[in-house]
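J.: Got a predicted model here, sequence first, then my questions.
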Amino acid sequence: MSGFGNVMNCPIVRTSHDSVTFCTPEAFRSIYDTKANVQKARQYGIWPKELASPNTFSVIDKEKHARKRRVMTAAISESAVRTSEPFVFQHADRWGELLVGDRKNEWSEPRNMSEWSDSLVFDIICDLCFGRSFDTKTPGPNKLRSIPHDILQFLIFAYNVIYSPFADIWLWMKPKGLDKLMLSQMPSSIKQYLEFVDASVRQRVEEENAHDENGTEPTRKDMLHYLIHARDPETGASGYDFVELREETDLLIVAGFDTTAAVLAALFFYLVQNPHVLEKVQHEVRSAFKHSEEVRSGAQLAACTYLRAAIDETMRMNPPSASDMLREVLPGGLRIAGTNEIIPPGINVGTPLYALHHDAEIFPEPFRFRPERWIADKNNVESIESVQRAEAALFPFLMGIRGCPGKSLAKMEMLVISSRLLFSYDLRGEPGDVMGAGRRNLIWGRRNKSQFQTKDAMVPLRDGPMVQFRPRA
Ligand code: HEM
């Protein structure tokens, strides 16, 4: 059996008294396929601020989840993603101008791409949710700028509880007053963020109601427009009530911003670390289009196979959700393909994505950034079989009914943002900068200087790289 086993020799690991991880693509499918006899583990119950109001991500019951998910799918459908693209252009183009700054034909000041990607993606997701831009990417005072940081603090806290031995005690105490205590003790920044979501949703509901009463159409249909009007496609019943609308909007912001921003930061790290890759993606994008305004989704961008491979390779090296996402086996048990194991009900199972994505049998030289591994052509050393083997083991968005519904939106954002920037600007790593890279004086596993270092907290904690920009020569 393959797996992280090539590195640590342990494809099956018992991670706690009731949890086991399996690290092969076959096992992954057994666990996360829509038909798998599992549900999200009880630990997901720690996420909701109040046990009674889980969202699509944190709800455990399969039937309740199915209804929420059907409604949410309407808000981030393929057509909703297509109508979002022009807003992504606006933000990406403004971002490029800000990155370059006012040193016209010289290299800009070094930019910390983790911070800059956070503010860009946060502005985009808020614009797509609320139809308003909060412009946290523009320097200067902005009381909303700390929100991405505040959200991250909450995620770190929740993650540490979920993967700790205290998770069950926490869950037991939640309905017994812990929820209320936590709400009262919540840091003021998080309270402000939640008030901001509440007020924004309220305002959008009023606007949409006014349109319905006057028989008018909003000039712009954002995600909340779709969420407010969504009907359950199976039953025809109305979609979400107000509390659900608020919780789902909060989820779209949290799930939609940190993941995508993390991939962008890592992509810039690998581009400046690998000048031959940077040169190749730049050449590809600049040959595909004549003017920057033409850089958009479509056949030409789809044909930028090397850039798309670089993004896939980034998500292989640094999957935003790196740990095992726990699933509880239901009555009847679960057979894990490729093993002789039938897991009894009540046990948590999962596949640690980071380990799977670094399996040397599937991804030779797993710690090397090599977009070529995704492209089979006659000039390439990769065979069709090795590309197919790799594709069958890349799961940054998970799979199945609990896989990521924002996959198309995220892919569009990452491709559009990177291609527009690469088309118009040259970039390089700040000379001498090592921010984000592994270093010899760090612990085992963190010494690879050509790998972007992140720390898992449900989303990746990250810093750097420092990158400089200038208009293309
Ligand atoms: C590169 C970007 C992204 C990656 C790698 C990613 C990855 C994932 C993964 C692995 C899960 C499963 C988590 C678990 O079960 O614990 C997930 C769930 C989810 N994601 Fe994403 N995501 C990304 C972007 C987005 C975006 C842009 C949105 C929406 C705006 C989004 C919305 C969601 C939602 C709502 C769920 C919960 C689904 C459910 O439980 O039914 N994600 N995502």
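T.: Happy to help now that I have it. Residues are numbered from 1 along each chain as shown.
J.: On the three-state scheme, the residue in the stretch 1-150 of the chain positioned nearest to the ligand is what?
T.: Going by Cβ to the nearest ligand atom, the ligand is nearest to residue 57 of the stretch 1-150 of the chain, at 3.9 Å. C-betas here are computed from N, CA, C, even on glycine. With DSSP: H, G, I helix; E, B strand; the rest coil as the basis, residue 57 sits in coil.
J.: Just the element for the nearest residue to it once chain neighbours are set aside, please.
T.: Nearest non-adjacent residue to residue 57, counting by Cβ to Cβ, 6 or more residues apart in numbering: residue 251, 5.4 Å away. In this structure, residue 251 is located in helix 242-273 according to DSSP states H and E.
J.: Convert the helix or strand just after that helix to CSV, retaining C-alpha atoms only.
T.: Once the chain leaves helix 242-273, the next helix or strand it forms, by DSSP H and E, is helix 275-288. Presented in CSV, the C-alpha positions along helix 275-288 are these (Å, rounded to 0.1, in the frame of the first residue of the first chain):
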residue,chain,number,x,y,z
PRO,A,275,12.0,31.6,-12.1
HIS,A,276,11.7,29.1,-15.0
VAL,A,277,8.1,28.4,-14.0
LEU,A,278,7.4,32.1,-13.7
GLU,A,279,8.8,32.7,-17.1
LYS,A,280,6.8,29.9,-18.6
VAL,A,281,3.4,31.0,-17.1
GLN,A,282,4.1,34.6,-18.1
HIS,A,283,4.9,33.6,-21.7
GLU,A,284,1.8,31.4,-21.8
VAL,A,285,-0.6,34.1,-20.6
ARG,A,286,1.0,36.9,-22.7
SER,A,287,0.9,34.8,-25.8
ALA,A,288,-2.8,33.9,-25.3
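J.: from the chain's centre, how far out does whichever helix or strand comes after helix 275-288 sit?
T.: Sequence order places helix 299-302 as the next helix or strand after helix 275-288, per DSSP H and E. In terms of Cα atoms, centre = their mean, to the nearest Å, the gap separating the centre of helix 299-302 from the centre of its chain is 23 Å.
J.: how about whichever helix or strand comes after helix 299-302: buried residues?
T.: Under the assignment DSSP H and E, the closest C-terminal helix or strand after helix 299-302 is helix 305-317. Going by neighbour count (16 or more other Cβ atoms under 10 Å), the buried part of helix 305-317 is 306-317.
J.: rewinding a little: contacts only, for the residue nearest to residue 57.
T.: 55-57 (Cβ atoms under 8 Å, 6 or more residues apart in numbering).
J.: Who is residue 466 paired with across the strands?
T.: Counting by DSSP bridges, residue 466 forms beta bridges with residue 112.
J.: thought it was touching residue 430?
T.: Yes: with contact defined as Cβ atoms under 8 Å, residue 466 counts as touching residue 430 (4.0 Å).
J.: what sits in contact with each of the two?
T.: Joint contacts of residue 466 and residue 430 (Cβ under 8 Å, 6+ apart) are residue 110.
J.: Look at those two and report which has more neighbours.
T.: Using other Cβ atoms under 10 Å as the criterion, residue 466 and residue 430 rank with residue 466 on top: 22 against 19.
J.: quick one: the residue nearest to residue 57 from the ligand, how far?
T.: Shown here: residue 251 relative to the ligand, a distance of 5 Å by Cβ to the nearest ligand atom, to the nearest Å.
J.: What is the neighbour count of the closest residue to residue 382 other than its chain neighbours?
T.: Among residues not flanking residue 382 along the chain, residue 376 sits closest, at 4.9 Å (Cβ to Cβ, 6+ apart). Neighbour count of residue 376, defined by other Cβ under 10 Å: 16.
J.: mind checking the SS state of residue 376?
T.: coil.
J.: C-alpha coordinates for stretch 114-131, PDB please?
T.: Extracted in PDB, the C-alpha atoms of stretch 114-131 (Å, rounded to 0.1, in the frame of the first residue of the first chain):
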ATOM      1  CA  SER A 114      -0.200  36.500   2.500                       C
ATOM      2  CA  GLU A 115      -1.600  39.800   3.800                       C
ATOM      3  CA  TRP A 116      -2.300  41.200   0.300                       C
ATOM      4  CA  SER A 117      -4.000  38.100  -0.900                       C
ATOM      5  CA  ASP A 118      -6.200  38.100   2.300                       C
ATOM      6  CA  SER A 119      -7.500  41.600   1.700                       C
ATOM      7  CA  LEU A 120      -8.100  41.000  -2.000                       C
ATOM      8  CA  VAL A 121     -10.100  37.800  -1.600                       C
ATOM      9  CA  PHE A 122     -12.000  39.200   1.400                       C
ATOM     10  CA  ASP A 123     -13.100  42.200  -0.600                       C
ATOM     11  CA  ILE A 124     -14.100  39.900  -3.500                       C
ATOM     12  CA  ILE A 125     -16.200  37.500  -1.300                       C
ATOM     13  CA  CYS A 126     -17.900  40.400   0.500                       C
ATOM     14  CA  ASP A 127     -18.700  42.000  -2.800                       C
ATOM     15  CA  LEU A 128     -20.100  38.800  -4.100                       C
ATOM     16  CA  CYS A 129     -22.100  38.200  -1.000                       C
ATOM     17  CA  PHE A 130     -23.400  41.700  -0.200                       C
ATOM     18  CA  GLY A 131     -23.000  43.500  -3.500                       C
END
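J.: got a list of what the residue in the stretch 251-400 of the chain positioned nearest to the ligand touches?
T.: Distances from the stretch 251-400 of the chain to the ligand, computed as Cβ to the nearest ligand atom, single out residue 256 as the nearest residue at 2.8 Å. With contact taken as Cβ under 8 Å, 6+ apart, residue 256 is in contact with 121, 125, 128, 406, 409-410.
J.: Can I get the buried part of those as one PyMOL selection?
T.: The following PyMOL selection, which keeps only the buried ones among the contacts of residue 256, applies the criterion 16+ other Cβ under 10 Å:
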select buried, resi 121+125+128+406+409+410
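J.: want to throw the contacts of residue 256 into a markdown table with distance to residue 216?
T.: Converted to a markdown table, the contacts of residue 256 look like this (distance: Cβ to Cβ, whole Å):
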| residue | distance to residue 216 |
| --- | --- |
| 121 | 31 |
| 125 | 26 |
| 128 | 22 |
| 406 | 29 |
| 409 | 27 |
| 410 | 32 |
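J.: got the contacts of residue 256 as a markdown table, with secondary structure columns?
T.: Compiled in a markdown table, those are given as follows (three-state DSSP):
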| residue | secondary structure |
| --- | --- |
| 121 | helix |
| 125 | helix |
| 128 | helix |
| 406 | coil |
| 409 | helix |
| 410 | helix |
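J.: if we can go back for a sec, ok, the residue nearest to residue 382 touching residue 387?
T.: Yes: the pair residue 376 / residue 387 is scored as a contact, 4.3 Å apart, by Cβ under 8 Å.
J.: Nothing else from me, thank you.
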